[in-house]
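Student: Structure for this input, please:
(one chain, ligands or ions: 1)
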Amino acid sequence: MPSNQPTDSIFNQLDAFGHKKVVFCSDPETGLRAIIAIHDTTLGPALGGTRFWAYKTEQEALQDVLRLSKSMTYKSAIAGLNLGGGKAVIIGDSRKDKTEALLRKFGRYIKNLNGEFITAEDVGTNPRDMEYIRMETQHVTGVPETMGGSGDPAPIAALGVFMGIKACIKELYGNDNVTGKSVIVQGIGHVGEQLVKLLREENAKVYISDIDDERTRQVSKKYGAEAVSNNSIFDINADIYAPCALGSTINTQTIGKLQCGIIAGSANNQLQDEALHGQMLLDKGILFAPDYVINAGGIINCYSELMGFSKKRTMQLTENIYEATRNVLRLSKAEGISTTMAANKIAEKRIADIKQVKSTY
Ligand SMILES: NC(=O)c1ccc[n+]([C@@H]2O[C@H](COP(=O)([O-])OP(=O)(O)OC[C@H]3O[C@@H](n4cnc5c(N)ncnc54)[C@H](O)[C@@H]3O)[C@@H](O)[C@H]2O)c1
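Tutor: Predicted structure coming up:
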């Protein structure tokens, strides 16, 4: 690394994360400002969602897309998919700045990558948005069922998280029964709401919190979940904390407050510092289901769509998250390492093995 570069130099950041390619998309006419990050394509094309978010700074957007795309590499690897890792962020307020022209222009940028990057929904985007992108490029999944796609991946993502929760319960309690367990679901958007539904169907006690008060009221009423304020969630004595909003909610401050035995949710990059906070959770005896292991249902849905969608196969692959989580927990226990380190080891081994396979022509 050149020594005369500031530590926040873009190139230094790319080197630190090990990215293959990062594309900056700027189109003043539509207002598009986006970053597409392709982390690794050893296992296949880089697939990852497009997040539409009002980042405070460009630096924050870059950090997010670099972190998220790297975890997509690991997510697909551990789920056994033939996909690499990528992600995109569009900078803006999804409720105000989203237009057909902006999304289609973004689609043109994806088209120019010739299949090296394939996208899908993420926070701030939905199947309708994918439909616009689809008008410009075929390299998009999660398009509506009416257009031959698999639709919203959120229910499958929630099923995967539910399987991860069950695997953790099995580890702590000896059986994987959710009934009677108490769960805090933070963020009741596309995935969070579906998770609340699955938990309530098996009679878990569910607490919910969201920055959107109206939505909290609706979901609370619909499923019989108890609404709590976002400020007080770490004061609640629940068995499980399921972060389903944005990343970095697990940090030195919140770990100090957490009273649960299990953390398992859908949000990407839940640990503010993977090594430090993974170890802190291990030391405190909190079982952490690595986010990218248990939230792989969404990517599995997208992968199925690329392979010719089969609901049955998608469900089977998603249910396998139970066993994938169990494998991570076993390795963590056997080697006395954090669950994130254990998951990374399993994912990195698969990538290294397949790189070796692909070295022969
Ligand atoms: N949608 C998928 O298929 C999928 C798949 C895998 C992982 N994920 C991840 O799961 C998380 C949720 O995804 P989603 O599709 O449900 O997004 P979403 O935008 O539908 O929902 C996010 C919810 O979190 C709420 N929220 C935002 N900040 C909050 C805060 N500080 N505290 C409490 N609530 C807050 C929002 O109001 C919203 O209701 C994201 O991190 C996403 O990357 C989603």
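Student: Which residues of the protein lie near the ligand?
Tutor: 121-123, 153-154, 157, 186-192, 209-212, 215, 230, 244-246, 266-268, 295, 298 (Cβ under 6 Å from any ligand atom). Just so you know, the C-beta spots here come from the backbone N, C-alpha and C atoms, and that holds for glycine as well.
Student: So which of the residues you listed are in helices?
Tutor: 154, 157, 190-192, 215, 298 (DSSP state H).
Student: State the helix or strand in which residue 128 lies.
Tutor: helix 127-134 (DSSP states H and E).
Student: Buried residues in that helix, which are they?
Tutor: 127, 129-134 (16 or more other Cβ atoms under 10 Å).
Student: Residues touching that helix, excluding its own?
Tutor: 50, 52, 98, 100, 103-104, 106-107, 110, 119-121, 140-144, 147, 149, 151-152 (Cβ atoms under 8 Å, 6 or more residues apart in numbering).
Student: Of those, which count as buried by neighbour count?
Tutor: Here, 16+ other Cβ under 10 Å leaves 50, 52, 98, 103-104, 106-107, 110, 119-121, 140-144, 149, 151-152 buried among those.
Student: And the helix holding residue 128, how far out from the chain middle?
Tutor: Taking Cα atoms, centre = their mean, to the nearest Å, one finds helix 127-134 lying 20 Å from the centre of the chain it belongs to.
Student: Of all residues in the stretch 151-300 of the chain, which one is closest to the ligand?
Tutor: Residue of the stretch 151-300 of the chain nearest the ligand, by Cβ to the nearest ligand atom: residue 189 (1.7 Å).
Student: Who are the contact partners of that residue?
Tutor: Applying Cβ under 8 Å, 6+ apart, the residues near residue 189 are 123, 154, 210, 215, 244-245.
Student: can you list the weak-confidence ranges in the protein?
Tutor: 1-7 (pLDDT under 70).
Student: got the domain boundaries for it?
Tutor: Domain assignment of the chain by automatic domain parsing yields the ranges 19-67+84-147, 154-348.
Student: got a list of what residue 108 touches?
Tutor: 136-137.
Student: so how far is the ligand from it?
Tutor: 24 Å (Cβ to the nearest ligand atom, to the nearest Å).
Student: secondary structure element for that residue?
Tutor: Assigned by DSSP H and E, residue 108 falls in helix 100-111.
Student: got the CA positions of that helix in CSV?
Tutor: Output in CSV follows, covering the C-alpha atoms of helix 100-111 (Å, rounded to 0.1, in the frame of the first residue of the first chain):
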residue,chain,number,x,y,z
GLU,A,100,-38.5,5.7,-13.3
ALA,A,101,-35.7,7.5,-15.2
LEU,A,102,-33.3,7.3,-12.3
LEU,A,103,-33.8,3.6,-11.8
ARG,A,104,-33.6,2.9,-15.6
LYS,A,105,-30.4,4.9,-15.8
PHE,A,106,-29.0,2.9,-13.0
GLY,A,107,-30.1,-0.2,-14.9
ARG,A,108,-27.9,1.0,-17.9
TYR,A,109,-24.9,1.0,-15.6
ILE,A,110,-25.6,-2.5,-14.6
LYS,A,111,-26.1,-3.5,-18.2
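Student: what's the distance between that helix and the middle of its chain?
Tutor: Remark: helix 100-111 is offset 23 Å from the chain centroid, using Cα atoms, centre = their mean.
Student: Could you count how many residues lie near the closest residue to residue 35 other than its chain neighbours?
Tutor: Leaving out its chain neighbours, the residue that sits closest to residue 35 by Cβ to Cβ, 6 or more residues apart in numbering is residue 65, at 4.8 Å. Neighbours of residue 65 under the rule other Cβ atoms under 10 Å: 26.
Student: Likewise for residue 329?
Tutor: Neighbours around residue 329, by other Cβ under 10 Å: 23.
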